[in-house]
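Visitor: pasting a predicted model and its sequence here:
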Protein chains: 2
Amino acid sequence: MGCRALLLLPVLSLGAATMIRPGLKTVGRLHLPTNPASDPAVAYNYSVLYFKQKVDHFGFSDSRTFKQRYLIADKHWQTNGGSILFYTGNEGDIVWFCNNTGFMWDVAEELKAMLVFAEHRYYGESLPFGEDSFKDSRHLNFLTSEQALADFAELIRHLKRTVPGAENQPVIALGGSYGGMLAAWFRMKYPHLVVGALAASAPIWQFENLVPCDVFMKIVTEDFRKSGPHCSESIRRSWGAINRLSRTDSGLQWLTKALHLCRPLTSEDISNLKDWISETWVNLAMVDYPYEANFLQPLPAWPITVVCQYLKNPNVSDTVLLQNIFKALNVYYNYSGQAQCLSISQTATPSLGSTGWSYQSCTEMVMPFCANGVDDMFESYVWDFERFSDDCFNQWGVKPRPNWITTLYGGKNISSHSNIIFSNGDLDPWSGGGVTKDITDTLVAINIPNGAHHLDLRASTAFDPSTVLISRLLEVKHMKKWIADFYKNAKL
Amino acid sequence: MGCRALLLLPVLSLGAATMIRPGLKTVGRLHLPTNPASDPAVAYNYSVLYFKQKVDHFGFSDSRTFKQRYLIADKHWQTNGGSILFYTGNEGDIVWFCNNTGFMWDVAEELKAMLVFAEHRYYGESLPFGEDSFKDSRHLNFLTSEQALADFAELIRHLKRTVPGAENQPVIALGGSYGGMLAAWFRMKYPHLVVGALAASAPIWQFENLVPCDVFMKIVTEDFRKSGPHCSESIRRSWGAINRLSRTDSGLQWLTKALHLCRPLTSEDISNLKDWISETWVNLAMVDYPYEANFLQPLPAWPITVVCQYLKNPNVSDTVLLQNIFKALNVYYNYSGQAQCLSISQTATPSLGSTGWSYQSCTEMVMPFCANGVDDMFESYVWDFERFSDDCFNQWGVKPRPNWITTLYGGKNISSHSNIIFSNGDLDPWSGGGVTKDITDTLVAINIPNGAHHLDLRASTAFDPSTVLISRLLEVKHMKKWIADFYKNAKL
């Protein structure tokens, strides 16, 4: 089952290793409806700018450049005693991250802050070679975290040189998910450019064997277990039901109809079907927010609780169980009531760059995952690096380098760094690869009970649990200290 | 005179921007005679090993590899409570650095240390593409400090994985000159791999405008001024004398003969001649050691004092002055008495890779130099970056990136790092671009009165001034503390 280890990995903000299903997740056509309660994009006012970057920061024979997009909002910025909050863009359209990082907008006034959102190369509009950017491994060669960090460094120096009043201001890096990893790594590698970093839901330890490979799926399972009686048990039973039903043509027809799929299932699709369902549960665990939101999909408040209402009884026939599974899936895929049918090739917003992330997970971002079907609700599969590597080579013509990230960024041995907040919600499966205990006085962990994937970075709402309110206050307190220390040292 | 700014830059351990004189310094044929008093190579016993490195650590489309050479000596190493001293090789043959870094050999027993000397890519035997390595900018593309640091990181992880007993030992980076810069940068960028760094004579601030561009030549001048009456004044006057004599053919012939040059001078050579003489004074300032030594050339103890014996009287005729200059040059070029004639295309040992360094100084290692002829004893020249850049492009097909090193490594803003010793001798012109004041409790400066270029890294001799003895004791004290802290933290 080693293959499955690749298939059903959590996509989304942290993407999945979807490389062995080239067709999957590349054609997402979901529309992102505006939901005023949770998507305050309409209120955010920023300038869109572009900065010329070297395609290759680490060599000199290639002198090509590209335009990196970035957004700036300076309504609350003060040149006297202010600060610069710098979002280290991750694998997606920077406008989407900008609109989903309300926290920065909420604290701008208090920190007299200029907001900058920098797009990650190979995502959104920041394509080094335009349409050819994903053409082959030669064009993709410059898609690495090191190049992205170098882009951020050059951009910050550019802003300091060119924006009057910015030169002598402290910069703080912020990011969520992979963007949180980048924020933390940026502070580690470029501490001269940022006084600190808020790394929200950043699984910087989801590499090598730093954490058990099954921790992720265990957390997903726990979220479902807690959200309704027998919920995770129903899901665990569903895989066998699918396997049994898919053995016959009539069973496949029944499944197609029961799950309201857009295309008839064939026996070859079953593996994909199970991956798609698994990813749906994973995604729900990531976005189990306490209010209606539209991050990956438009969803009700506490969506897993809603889902679990349909999954109370595992001890029913296969067909009844799968009818219940459909109702559960429908919460995720059809909360808006607009879907005519469900497509197993779509799980999330197309604002996320799944192609780029697939390449990244086949090169640097090698995250081992596994499940055993006993401690979690998924079909068991083992982490098989050899197979993973072969699949990556077949898809991208490159070999993953599974130890590079820890060689480069230190793995668990990061105590010599300072001024990084690692925040994690306990509902978020990515917290399993995150830093959830203080490492030193200045490398601190903030754990958010009842928090999903970087809930703290989202805009404040009336439905926020008190845990996230407290976390945000703490985060601001740390940031204020970094800023104050910066100005104190500047005076010396 | 902007061009001159390139021509006469200090070569040697830190190399010169020799790029606009392609023929120069590439054909050195000096033999390195064994001098038991100062070249204890015969006593050093090490194994020569090779490690397969990726040619490109920062991209995945190029899967080529090359063999990096490294030396290991473990005579005094103890697996119980020991340490690993790791020389971060710079621009030359690693055996040569190994034999000129007696300090590591001298302290090995006290620190129970394994010694590792890692060769820098593109130098010595560690050529990524063999004879083609310097063929063009495409082949040279992987010659950067980042790639070199990544080589060191991979090698350390390899040693920890494969050498029984090494895994749980503290590693300390050591290096001199550019190697000292690499040691410091290695600790900054990979603090998880080395507990500290001894950066000897490392001019990490000789970039951008971090220090005045004339500081280097001022220190050279001061060394000569202090080493004999009217010595620097005689040299300052010599340029005019050369200019006057070289106006006529008979003057050129006279100069050829008076300076015992191997080839007849033409008027086109005069600029090169002055550069060669300037570089000689610069080199002498770097290697003004208190004992007979053979680092760049076989030389007497305190060679500048010997040189200055011939330069006591600046108020003589041009011909007498230049006859004296010849005697002074002869100290440097013919201390062994073997030279038949002097060649203006040679200034130092061929163990230094001047071709590679020329490329590096045209890409990342852009060090602005200037002189004004008033506060120093050189002909005045200005730092002209545009011209420098054009010359680099003409020679290598690449454009220098003058701000990149400070963007990458922090310039003067490095206080968030820890455990780096910056040692500098006050005779060494490179101390002008070095860290000569403590930055924090753990980023410490050790200044060595009467010390030349990384004198502290050389083997202990009976002729060492007490200042360097004290410095070495201090360095060992710091290293011991880093090692003790490592073991203390490992127990927690």
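Guide: That came through, no problem.
Visitor: all helices for the stretch 51-200 of chain A, in order.
Guide: Counting by DSSP state H, counting those that start in this stretch, the segments of the stretch 51-200 of chain A that form helices are A:94-99, A:102-107, A:137-140, A:145-162, A:178-189.
Visitor: so how far is chain B from A:R263?
Guide: A:R263 sits 34 Å away from chain B, going by C-beta to the nearest C-beta, to the nearest Å. Just so you know, the C-beta spots here come from the backbone N, C-alpha and C atoms, and that holds for glycine as well.
Visitor: what's the burial count for that residue?
Guide: 12 (other C-beta atoms under 10 Å in any protein chain shown).
Visitor: local confidence estimate at the residue in the stretch 151-300 of chain A that chain B sits nearest to?
Guide: Closest residue of the stretch 151-300 of chain A to chain B, C-beta to the nearest C-beta: A:H192 (3.4 Å). With respect to pLDDT, A:H192 scores 98.
Visitor: contacts only, for it.
Guide: B:G410, B:G411, B:N413, B:I414, B:S416 (C-beta atoms under 8 Å, 6 or more residues apart in numbering or on different chains).
Visitor: JSON lines for those, including secondary structure, distance to chain A and neighbour count?
Guide: Shown next, in JSON lines, are these (DSSP: H, G, I helix; E, B strand; the rest coil; distance: C-beta to the nearest C-beta, whole Å; neighbours: other C-beta atoms under 10 Å in any protein chain shown):
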{"residue": "B:G410", "secondary structure": "coil", "distance to chain A": "3", "neighbour count": "19"}
{"residue": "B:G411", "secondary structure": "coil", "distance to chain A": "7", "neighbour count": "17"}
{"residue": "B:N413", "secondary structure": "coil", "distance to chain A": "4", "neighbour count": "12"}
{"residue": "B:I414", "secondary structure": "coil", "distance to chain A": "6", "neighbour count": "20"}
{"residue": "B:S416", "secondary structure": "coil", "distance to chain A": "4", "neighbour count": "20"}
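Visitor: next, format these as JSON lines and append pLDDT.
Guide: Formatted as JSON lines, the contacts of A:H192 follow (pLDDT from 0 to 100):
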{"residue": "B:G410", "pLDDT": "98"}
{"residue": "B:G411", "pLDDT": "98"}
{"residue": "B:N413", "pLDDT": "97"}
{"residue": "B:I414", "pLDDT": "97"}
{"residue": "B:S416", "pLDDT": "96"}
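Visitor: can you give me the domain assignment for chain A?
Guide: A:47-204+A:414-490, A:213-400 (the TED database).
Visitor: could you tell me the least trusted of those?
Guide: Looking at the domains of chain A, the bottom one is domain A:213-400 with a mean of 94.
Visitor: roughly how far is that domain from the heart of the chain?
Guide: 16 Å (C-alpha atoms, centre = their mean, to the nearest Å).
Visitor: what's the end-to-end length of it?
Guide: This stretch, domain A:213-400, spans 17 Å end to end (C-alpha to C-alpha, to the nearest Å).
Visitor: same check on stretch A:259-277?
Guide: 11 Å.
Visitor: same question, stretch A:129-141
Guide: 11 Å.
Visitor: list the buried ones in that stretch?
Guide: A:F129, A:S133, A:F134, A:S137, A:H139, A:L140, A:N141 (16 or more other C-beta atoms under 10 Å in any protein chain shown).
Visitor: please name the residues that touch the third one.
Guide: For A:F134, the contact set (C-beta under 8 Å, 6+ apart) comprises A:Y122, A:L140, A:T355, A:G356, A:Y359.
Visitor: same deal with the second one?
Guide: Under the criterion of C-beta under 8 Å, 6+ apart, the neighbours of A:S133 are A:Y122, A:L127, A:H139, A:L140.
Visitor: run a quick neighbour tally on the second one.
Guide: The criterion is other C-beta under 10 Å. On that basis, A:L127 has 21 neighbouring residues.
Visitor: for it, give me its contacts.
Guide: Contacts of A:L127 (C-beta under 8 Å, 6+ apart): A:F66, A:R121, A:S133.
Visitor: distance of the second one relative to chain B?
Guide: Distance, A:R121 to chain B, using C-beta to the nearest C-beta: 13 Å.
Visitor: again with the first one
Guide: In this structure, A:F66 and chain B are separated by 16 Å, where distance is defined by C-beta to the nearest C-beta.
Visitor: verify the contact between A:A150 and A:V55 for me.
Guide: No - between A:A150 and A:V55 there is no contact under C-beta atoms under 8 Å: 10.9 Å.
Visitor: of the two, who's got more company?
Guide: A:A150 (24 against 17).
Visitor: name the nearest residue to that one, sequence neighbours excluded.
Guide: A:H57 (3.8 Å; C-beta to C-beta, 6 or more residues apart in numbering or on different chains).
Visitor: and the contacts of A:F134, which is closest to A:F186?
Guide: A:Y122 (17.4 Å; C-beta to C-beta).
Visitor: any idea how far apart the tips of stretch A:106-126 sit?
Guide: 27 Å.
Visitor: could you pull out the helices in the stretch 201-350 of chain A for me?
Guide: Using DSSP H, counting those that start in this stretch, helices in the stretch 201-350 of chain A cover A:215-227, A:231-245, A:249-258, A:270-286, A:303-308, A:318-333.
Visitor: would you mind giving the ones you listed as a markdown table with mean neighbour count and distance to B:G337 added?
Guide: Formatted as a markdown table, the helices of the stretch 201-350 of chain A follow (neighbours: other C-beta atoms under 10 Å in any protein chain shown; distance: least, C-beta to C-beta, whole Å):
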| stretch | mean neighbour count | distance to B:G337 |
| --- | --- | --- |
| helix A:215-227 | 23 | 73 |
| helix A:231-245 | 20 | 88 |
| helix A:249-258 | 16 | 95 |
| helix A:270-286 | 23 | 78 |
| helix A:303-308 | 24 | 88 |
| helix A:318-333 | 19 | 88 |
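Visitor: so which of those helices is nearest B:N313?
Guide: Ranking the helices of the stretch 201-350 of chain A by distance to B:N313, with C-beta to C-beta as the measure, places helix A:215-227 first at 80.7 Å.
Visitor: can I get the CA coordinates of that closest one in CSV?
Guide: The C-alpha trace of helix A:215-227 is given here as CSV (Å, rounded to 0.1, in the frame of the first residue of the first chain):
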residue,chain,number,x,y,z
VAL,A,215,0.8,11.7,13.8
PHE,A,216,-1.1,13.7,11.1
MET,A,217,-3.8,11.1,10.5
LYS,A,218,-4.2,10.5,14.2
ILE,A,219,-5.1,14.1,14.7
VAL,A,220,-7.6,14.1,11.9
THR,A,221,-9.2,11.1,13.4
GLU,A,222,-9.3,12.6,16.8
ASP,A,223,-11.1,15.6,15.4
PHE,A,224,-13.8,13.4,14.0
ARG,A,225,-13.9,11.2,17.1
LYS,A,226,-14.6,14.2,19.3
SER,A,227,-17.1,15.8,17.0
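Visitor: tell me what that helix is packed against?
Guide: Judged by 3 or more C-beta pairs under 8 Å, 6 or more residues apart in numbering or on different chains; DSSP states H and E, helix A:215-227 is in contact with helix A:231-245, helix A:270-286, helix A:303-308.
Visitor: name all residues that make contact with the closest residue to A:T280 other than its chain neighbours.
Guide: Sequence neighbours aside, A:Y332 is the residue nearest to A:T280 in space, at 5.3 Å (criterion: C-beta to C-beta, 6+ apart). A:Y332 sits next to A:T280, A:N283, A:L284, A:Q297, A:L299, A:P303, A:V307 when contact means C-beta under 8 Å, 6+ apart.
Visitor: right, and the pair among the residues you listed with maximum separation?
Guide: Between any two of the contacts of A:Y332 (C-beta to C-beta), the greatest distance is 12.2 Å, for A:Q297 and A:V307.
Visitor: and the domains of chain A, which is most packed in?
Guide: domain A:47-204+A:414-490 (a mean of 21; mean count of other C-beta atoms under 10 Å in any protein chain shown).
Visitor: straight-line length of it, end to end?
Guide: In domain A:47-204+A:414-490, first residue to last residue: 30 Å (C-alpha to C-alpha).
Visitor: quick one: distance of that domain to the chain centre.
Guide: 14 Å.
Visitor: do stretch A:389-404 as well
Guide: 21 Å.
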